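S.K.: Predicted structure and sequence below. I'll ask about it afterward.
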There are 2 protein chains.
Amino acid sequence: MPGTDDATKAITAAAVDSFADTPDPRLRELLQGLVLHLHDYVRELRPTIQEWEYAVDYLTAVGQKCDPTRQEFILLSDVLGVSMLVETVNEQGGGTESTVLGPFHVVESPERESGDNIDLMGTGTPCVVSLRVTSADGGPLTGASVDVWQCTEDGFYDVQQPDVQPLGNGRGLFRTDDEGRVWFRTVVPSHYPIPTDGPVGALLGATGRHPYRPAHIHFIVEADGHRPLTTHIFVADGPYLDSDAVFAVKESLVVDFAQVDDEDRAREYQVTAPFRLADFDITVEPATDEDAR
Amino acid sequence: MPGTDDATKAITAAAVDSFADTPDPRLRELLQGLVLHLHDYVRELRPTIQEWEYAVDYLTAVGQKCDPTRQEFILLSDVLGVSMLVETVNEQGGGTESTVLGPFHVVESPERESGDNIDLMGTGTPCVVSLRVTSADGGPLTGASVDVWQCTEDGFYDVQQPDVQPLGNGRGLFRTDDEGRVWFRTVVPSHYPIPTDGPVGALLGATGRHPYRPAHIHFIVEADGHRPLTTHIFVADGPYLDSDAVFAVKESLVVDFAQVDDEDRAREYQVTAPFRLADFDITVEPATDEDAR
């Protein structure tokens, strides 16, 4: 019987069965699960042929918008809450909370030394970020890498403004010292809209959603024998903390970027007062056997 | 609590809620359902960050493989059984069964007259296809359009071999006569592999699936006041009828391409004996109010 539940379930069974001989058991599991969930969606929502064609065209446009510095599929995953969910199901608890990678980790960060200024533009509110990386037991982690990237005071990453910003502006790859510490100079990042000139922007427009993310600085922290951590810190007094377009805000990651007027402390950090100071401790979890798979 | 079911369900609720103000209620329903099903998949299969990154890269590659004559996302939908499922949930029963559009309906078929030969190459087993289009009550439909496309005896569509086949080879847009009839000359199509030089081919390779489709001829039939029908007929004596890579075979669409040795009948159809003759009746359903949405 065409269109009945029996007819549709026969198609699902055949598609699931087609992957039965997949040599890699994890790939088999991921694909058979994908077929089951996609088919449930189709059975429940019953997209018309025209809606299916629209979806095909939409996904094609998302793929074609991607280039070496633009990742529209990550953006789509982000605005559907999928990126944040994947981060969250992979947390083990105990360490600093993780959050989404986002679409702008697309070029290698230049190696920098503690104290360096990652702001190459000279415009914006001077800011010092001071981090301390420890293991779950509280012991400092020496030589951990801390990859940093952020936007300017105007809300753009270097790769979005190749004619305005030098590549590497707002980026740096640091290593922690004997006390697990690293600090750097920068400017306070702005809240900003995710790129809206592509299919994801069209989706937000059609659904009445704003494209803004609250101001933040990204980190990837990697230390020997520990799970890599991808996270941000958010500027505590900025807008959109309660309606991030990509659902990435966690309470524990909202950090006070305190104003410092003291001239001596400014000199200590090689900036001029007043400046903003963000102090944040990062804890990474020891690696487990499962991480090696 | 990071990673717990409560934490993941809060993300899902926020993502569903973000679409609450979508002006178009159908778009809202499709997107909120998509979020729910995608999130269920992530919660159940728990992809690692690396697996998620692989999926992003894979979907990007699928999109970038597409061009005006190559539709890799339709191919992906096809091999996951999604295309066939969408066709099936949209059937109302009563008419000829539908099946997938496939990725090769990418150029306009040239207008042709009944009796024309759509084979412009002159190689292959001569074949006549004779169709009769009726409404659900059995009455013949005059002036219905019948869009035809098929591969050569070697298993390639015109757009796959731009240096070998003239564009329009194996394609034709016909209209039915006063009796609802249309016939055309062609060659018997071959079974063939779906294109394997892209990400979908890599997926089939990694999962031990063969890429073959049984031999078939595609039709889209459109008649005033009736639902458009997208279907194929399959050559009854060919291989892969029971393991079509895209799950599109339906028993009612398998047609005997009978050998005819009679010289008189060959002359009647302007071919030379022996030739193959496929006779197929197509019934389309009257349009419903729902079709207009």
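M.R.: Done, it's in. Just so it is clear, the model here is predicted, and its values are computed rather than measured.
S.K.: need the residues of the stretch 101-250 of chain A near chain B, please.
M.R.: The stretch 101-250 of chain A has residues A:101, A:206-209, A:230, A:247 near chain B, with proximity defined as CB under 8 Å from any CB of the partner chain. No exception for glycine: its C-beta is placed from N, CA and C like everyone else's.
S.K.: Now do the strands in the stretch 1-150 of chain A.
M.R.: A:126-135, A:145-150 (DSSP state E, counting those that start in this stretch).
S.K.: What is the first one packed up against?
M.R.: When you say that, I think you mean strand A:126-135. Judged by 3 or more CB pairs under 8 Å, 6 or more residues apart in numbering or on different chains; DSSP states H and E, strand A:126-135 is in contact with strand A:145-150, strand A:181-187, strand A:216-222, strand A:275-284.
S.K.: contact partners of the longest one?
M.R.: Here strand A:275-284 makes contact (CB atoms under 8 Å, 6 or more residues apart in numbering or on different chains) with A:94-96, A:125-136, A:138, A:141, A:144, A:146, A:188, A:217, A:219, A:221, A:223, A:226-229, A:231, A:233, A:235, A:255-260, A:265-266, A:269.
S.K.: Recalculate using a threshold of 6 Å.
M.R.: Identification of contacts with strand A:275-284 by CB atoms under 6 Å, 6 or more residues apart in numbering or on different chains yields A:95-96, A:125-134, A:188, A:221, A:223, A:226, A:229, A:233, A:255, A:257-260, A:266.
S.K.: out of these, which are buried?
M.R.: Burial by neighbour count, 16 or more other CB atoms under 10 Å in any protein chain shown: within the contacts of strand A:275-284 this picks out A:95-96, A:126-129, A:131-134, A:188, A:221, A:223, A:226, A:229, A:233, A:255, A:257, A:260, A:266.
S.K.: Quick one: residues contacting the spatially most central residue of chain A.
M.R.: In chain A, the centroid-proximal residue (CA atoms, centre = their mean) is A:L101; its distance is 2.1 Å. A:L101 sits next to A:T230 when contact means CB under 6 Å, 6+ apart.
S.K.: which non-adjacent residue is nearest A:D40?
M.R.: B:H37 (6.2 Å; CB to CB, 6 or more residues apart in numbering or on different chains).
S.K.: What is the burial count for the one you found?
M.R.: By other CB atoms under 10 Å in any protein chain shown, 18 other residues sit near B:H37.
S.K.: That one against A:Y41, yeah?
M.R.: Yes: using CB atoms under 6 Å, B:H37 makes contact with A:Y41 at a distance of 4.2 Å.
S.K.: shared neighbours, those two?
M.R.: Joint contacts of B:H37 and A:Y41 (CB under 6 Å, 6+ apart) do not exist.
S.K.: Would you pull up the residue in chain A closest to chain B?
M.R.: With CB to the nearest CB as the measure, A:G63 is the residue of chain A nearest to chain B, at 1.0 Å.
S.K.: Quick check: the nearest residue to that residue once chain neighbours are set aside vs B:P47, distance?
M.R.: In this structure, A:G63 finds its nearest non-sequential neighbour in B:G63, 1.0 Å apart by CB to CB, 6+ apart. From B:G63 across to B:P47, the span is 20 Å (CB to CB, to the nearest Å).
S.K.: circling back to that earlier point, for the residue of chain A closest to chain B, give me its contacts.
M.R.: By CB under 6 Å, 6+ apart, the contact list for A:G63 reads B:60, B:62-64.
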